[in-house]
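Asker: After the sequence you'll find the predicted model.
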Amino acid sequence: MPAHSRHVVVLYEMGDFRLLPEEVDVSHFKDFLRNLWNSRHWTLPQDLDEYEGDPSENLVHQYGQALFQFDGRAIRARNYAGFLQYGNSDFYIFPKIFKAGRFTIHTVFSHLHYYLSYGTRFPFPFDLAHHPPLLSDEWLHRLIGVFARQALETVTWQPYYAYHPLTEATPFARGRLSVNDYLKEQIATGQWQQLHQEHSPFGQDNRFNRILRFVTGRLLPVATGAVRAQLRALTQLLSEVSPVSCTVHDTHHPELNGLAGDHRKVLDMCRWFLENSLAGSGEDNQITLAFLVPMERVFEEFMAGFIRQWLPEWKAQTQNAAPLGVLSNGETLSIRNDIWLPEHRIILDSKYKLPVLQTATAAIPKADLYQMIAYSLARGCRQGVLLYPSPLPAPSAGPLWEVTVSALSEPVTIRAAFLPVMLPDSEAGLPDAFATLSGRLRESLVQAVSPNVS
């Protein structure tokens, strides 16, 4: 469907209600969201699923999903950001930290890609920095464009050939005779001259190319213009490959473990499209793309991955559990803070919240302070830093509290840091913009933590 004929709906995570487009059938849309929720691949392990005050269980009970709330024909996004397609509409859900400014879809999702690139729980295998943006600002079409360019270049200059196990009936001996199949399929039907054999021919018709052809065919009805032409060219290059249906499970087959380089990048993108899509109906077999991630977890993973990469000297440990005490029934009560610096005995806790900033001070939720005190008790340390995303413009490191707990011989020192994790719209498209942002973020982290480290 041409991109210009689609409706674009922009929502903010935890934002206001907004009316759905008139063409959207609310009942069918709710069914679609329930299906999307039940088919998500990023379900978190139970021992990590501990969002603070998260009402998702009530939402799941009420709506069958925890992505959106409804009020008649009005819809409100919950704590998931990303995008989804439904019918003739593209829904973009911006992270709540972008609500204070004016940002384009391209800028917001460039930031989301930046955050996801440091984590592992929500893979996003698109190398956007090395691909020029499309004229359209529609993110879905840009991702398809990145895939089309990378896949076409790879198949053109590095065609993939491999041995692929095959069982077939032929009049010539090619491999190991499958006696049971021969007796059942050939002798029993009078086709004794056809030998049922198992062999592994070397050629283009292999698992990798079959997955690539299937994903290309599913994306073709969605693409437009030059991207559609690239996908058609890719289909022509794979014309000798068997047209079979594939699922995300095929991308994890041991046969593909040896893939590397560009072939691995293409396979990862194929897996992403298969994981984040629902099969459509109709003769064109068009897919519906949906990529929604819980921003609390994304921010936690981003901060942990960023510190591991940019501040390796801190030797940070992430999501490391520590016992807090024993309940009356004998069950151990433990805590799991985001980042622990064992050599310096400092706790770093990521908070995906927007505190109310007041010039030189900030209103930090007392619950965050209480939680940090509990972490300090469990770890036996006296220093912690709360890490908050900062709206633009980002202030310097936050105020320093010294919280005294009567049961302790010395105070617990807690610092709040407001970190630059966003670029203004005017800077986001500049060369090396996010490298510059990384430098600012590293400097802010050092400023917030170094006084404690020293």
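Answerer: Looks like it arrived, so ask away.
Asker: For the rest of this, base every contact and every neighbour count on C-alpha atoms.
Answerer: Will do.
Asker: centroid residue for this protein?
Answerer: Phe122 (3.2 Å; CA atoms, centre = their mean).
Asker: which intervals of the stretch 151-300 of the chain have sub-threshold pLDDT?
Answerer: 163-202, 279-287 (pLDDT under 70).
Asker: which strands and helices sit next to the longest helix anywhere in the chain?
Answerer: Secondary structure of the chain per DSSP state H: the longest helix is helix 433-453. Helix 433-453 sits against strand 383-390, strand 412-420, with contacts defined as 3 or more CA pairs under 8 Å, 6 or more residues apart in numbering; DSSP states H and E.
Asker: who does the last one touch, helix- and strand-wise?
Answerer: Contact analysis of strand 412-420 by 3+ CA pairs under 8 Å, 6+ apart lists helix 366-379, strand 383-390, strand 400-403, helix 433-453 as its packing neighbours.
Asker: Which positions within the longest helix of the chain qualify as buried?
Answerer: Across helix 433-453, burial judged by 16 or more other CA atoms under 10 Å covers Phe434, Leu437, Ser438, Leu441, Arg442, Ser444, Leu445, Ala448, Val449, Asn452.
Asker: got it, and stretch 217-227?
Answerer: Gly217, Arg218, Leu219, Leu220, Pro221, Val222, Ala223, Thr224, Val227.
Asker: same deal with stretch 24-36?
Answerer: Val26, Lys30, Leu33, Arg34, Leu36.
Asker: Can you give the domain ranges for this protein?
Answerer: 166-199, 311-453 (automatic domain parsing).
Asker: As a markdown table, the buried residues of helix 433-453 with pLDDT would be great.
Answerer: Shown next, in a markdown table, are the buried residues of helix 433-453 (pLDDT from 0 to 100):
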| residue | pLDDT |
| --- | --- |
| Phe434 | 90 |
| Leu437 | 92 |
| Ser438 | 94 |
| Leu441 | 93 |
| Arg442 | 93 |
| Ser444 | 89 |
| Leu445 | 91 |
| Ala448 | 85 |
| Val449 | 85 |
| Asn452 | 59 |
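Asker: hmm, back to that, least reliable of the helices and strands packed on helix 433-453 going by mean pLDDT?
Answerer: Of all the helices and strands packed on helix 433-453, mean pLDDT reaches its minimum on strand 412-420 (a mean of 85).
Asker: who are the neighbours of the next helix or strand after that one, in terms of helices and strands?
Answerer: Counting by DSSP states H and E, the next helix or strand C-terminal to strand 412-420 is helix 425-428. Judged by 3+ CA pairs under 8 Å, 6+ apart, the packing partners of helix 425-428 are helix 105-116.
Asker: now the very next helix or strand once past the helix it packs on and helix 105-116, what's the angle there?
Answerer: Next along the chain after helix 105-116, taking DSSP H and E as the criterion, comes helix 139-157. Per axes from the mean of the first three to the mean of the last three CA atoms, to 10 degrees, the angle that helix 139-157 makes with helix 105-116 is 70 degrees.
Asker: Next, the buried residues of helix 139-157.
Answerer: Here helix 139-157 shows 139-152, 154-155 as buried, counting by 16+ other CA under 10 Å.
Asker: about what we covered before: now distance to Val244 too, for the helices and strands packed on strand 412-420, in a markdown table please.
Answerer: Output for these, formatted as a markdown table (distance: least, CA to CA, whole Å):
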| stretch | distance to Val244 |
| --- | --- |
| helix 366-379 | 52 |
| strand 383-390 | 46 |
| strand 400-403 | 61 |
| helix 433-453 | 40 |
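Asker: closest to Leu259 out of those?
Answerer: helix 433-453 (29.3 Å; CA to CA).
Asker: contact partners of that closest one?
Answerer: With contact meaning CA atoms under 8 Å, 6 or more residues apart in numbering, helix 433-453 is reached by 114, 310-311, 344, 346, 383, 385, 396-398, 415-417, 419-423, 427-428.
Asker: Report the buried members of the residues you listed.
Answerer: Counted by 16+ other CA under 10 Å, the contacts of helix 433-453 give 114, 346, 383, 385, 397-398, 415-417, 419-423, 428 as buried.
Asker: out of those residues, which one sits closest to Thr318?
Answerer: Among the buried ones among the contacts of helix 433-453, and counting by CA to CA, the member closest to Thr318 is Ile346, at 12.3 Å.
Asker: Can you check what pLDDT the model gives that closest one?
Answerer: 91.
Asker: wait, doesn't it sit right on Leu377?
Answerer: No - using CA atoms under 8 Å, Ile346 is not in contact with Leu377, being 11.9 Å away.
Asker: Tell me how far Phe17 lies from Val60.
Answerer: 18 Å (CA to CA, to the nearest Å).
Asker: contacting residues for Val248?
Answerer: Counting by CA under 8 Å, 6+ apart, the residues that Val248 touches are Arg271, Leu274, Glu275.
Asker: can you give me the offset of whichever helix or strand the second one is part of from its chain's centre?
Answerer: For Leu274, the enclosing helix or strand under DSSP H and E is helix 261-275. The gap between where helix 261-275 is centred and where its chain is centred comes out at 14 Å by CA atoms, centre = their mean, to the nearest Å.
Asker: So which residues make contact with that helix?
Answerer: Here helix 261-275 has contacts from 40-41, 123-126, 147, 150-151, 154, 160, 208, 211-212, 215, 247-248, 251, 289, using CA under 8 Å, 6+ apart.
Asker: Name only those of these that count as buried.
Answerer: The buried subset of those - by 16+ other CA under 10 Å - is 123-126, 147, 150-151, 154, 160, 208, 211-212, 215, 248, 251, 289.
Asker: Show me which of these is closest to Ser328.
Answerer: For the buried ones among the contacts of helix 261-275, the nearest to Ser328 is Pro123 (41.1 Å; CA to CA).
Asker: Next, count neighbours for the residue nearest to Arg382 when sequence neighbours are not counted.
Answerer: For Arg382, ignoring the flanking residues on the chain, the nearest one in space by CA to CA, 6 or more residues apart in numbering is Val412 at 4.4 Å. The tally of other residues near Val412 (other CA atoms under 10 Å) stands at 20.
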